[in-house]
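[1] build me a model from this:
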Amino acid sequence: MMNRFDHIESVYWVFTQLCNDQCDHCYNLSGPRGARLQDEEVLQIIDNLPQKMDRLILSGGEPLAERKQLFLLLDRVAERYGSSTQIMLQTNGDLMTGQILDTLLEKGVSRIDIASIDRYHKHAGKRIDQLKELFLSRGMTDDNTSPLIEKDTYLHKQSASFGFWGATEDMWLGGNWARGRAMEKDIWKKDPEHNFCNILSGAIGFLGGVDDIPQEISIQLWRINPCCPGTRFPLGDARTEKVADVLERIASNPVFQRLNEGDPWKMGESFGISEAYAHERTRALKNVCLWCDEFFETYLNPADFIPLQVIQPA
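    Have a look, this model is predicted:
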């Protein structure tokens, strides 16, 4: 685990929840009325990002539904980081055109992932051939290895590449399903044995120290999180706080050390909440992320994440 956080391997930033679609599985309630940031807030967040990042993933919502702000964001990132940070864009591809693609490449985007090849998005992958032809016409590489998984692939800036993937119950969504519209539609994953915390996009390695999984934090709009779904209470506010300072502040907390290890069932052991009890509650709630929510709500002060005075469960 790291002691300082002015260099982070990966930052995943949902900078808008505005979207041209309204998918049933969406964990952050993105849609035509999705939550948005002001331009000034976007610039404040960029100023508060770590001094060095190996990659920045921009997602939504649908980033191309917020093009003006996206281009502003890319210009400011380029101004601050130059070519030292790989910029990746996740999009459903619905709004992608040749002109937009040219602008994205000019502004430093080096990887585009069409993250809508599944049954939940309205086009369900029908634009693959059209989009692939468009990308190849700009000299982009058809990279069959997902840079979201292989650490050796995505931590090195190469020629611009693209990929296609989508929501899967077992890998990407997992605990995300116990959130947002998926919860409302009752299609969330009811599997208490699935440890979303222990995979990329979960909390594992967010403080560093894991060899095969990158150090990655998530920012949902302005909320600094250890994982993509986010803990019930955010670690801090990226509009007003330096991300590095926030991580340094919580790094010695045993709750977050256990999350960094990808083991949410041991979060409360330092103050009497047993691993056995955590598994019992996860089985009752049918999802480990719902146990994490209950744990934060019941046992932690949201202001400083110090344990509340509670009776140790039997």
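[2] so residue 212 is in which element?
    Assigned by DSSP states H and E, residue 212 belongs to no helix or strand.
[3] how many residues are close by it?
    Look at residue 212: counted by other Cβ atoms under 10 Å, it has 10 neighbours. Quick note: C-beta positions are derived from backbone N, CA and C, even for glycine.
[4] residue 176 now?
    When neighbours are defined as other Cβ under 10 Å, residue 176 has 24 of them.
[5] what do you get for residue 162?
    Neighbourhood size, residue 162 [other Cβ under 10 Å]: 21.
[6] could you tell me the end-to-end distance of stretch 277-293?
    End-to-end distance for stretch 277-293: 15 Å, by Cα to Cα, to the nearest Å.
[7] how distant is it from the center of its chain?
    The chain centroid and the centroid of stretch 277-293 are separated by 21 Å under Cα atoms, centre = their mean, to the nearest Å.
[8] state the mean pLDDT of that stretch.
    Across stretch 277-293, pLDDT averages out at 97.
[9] buried stuff in that stretch?
    277, 278, 281, 282, 285, 287, 288, 289, 290, 291, 292, 293 (16 or more other Cβ atoms under 10 Å).
[10] how is this structure divided into domains?
    When the chain is parsed with automatic domain parsing, its domains come out as 7-248, 252-299.
[11] relative to residue 107, which of the buried residues of stretch 277-293 is nearest.
    Distance to residue 107 across those (Cβ to Cβ) is lowest for residue 289, with 34.6 Å.
[12] for that closest one, what are phi and psi?
    Dihedral pair for residue 289: phi -70, psi -30, per degrees, to the nearest 10.
[13] and it, what is it in contact with?
    Contacts for residue 289 were tallied using Cβ atoms under 8 Å, 6 or more residues apart in numbering; they are 175, 176, 178, 179, 196, 197, 229.
[14] any idea how far it is from residue 177?
    9 Å (Cβ to Cβ, to the nearest Å).
[15] same thing with residue 286?
    Applying Cβ to Cβ to residue 286 and residue 177 gives a distance of 11 Å.
[16] next one: residue 118
    From residue 118 to residue 177 the distance is 13 Å (Cβ to Cβ).
[17] who has more neighbours out of these two?
    Between residue 118 and residue 177, residue 177 has the larger neighbour count (other Cβ under 10 Å), namely 26 against 17.
[18] pLDDT value on the more buried one, please?
    Looking at residue 177, its pLDDT stands at 87.
[19] before we move on, what about residue 68?
    At residue 68, pLDDT is 98.
[20] check which helix or strand covers it.
    Element membership for residue 68, per DSSP H and E: helix 67-81.
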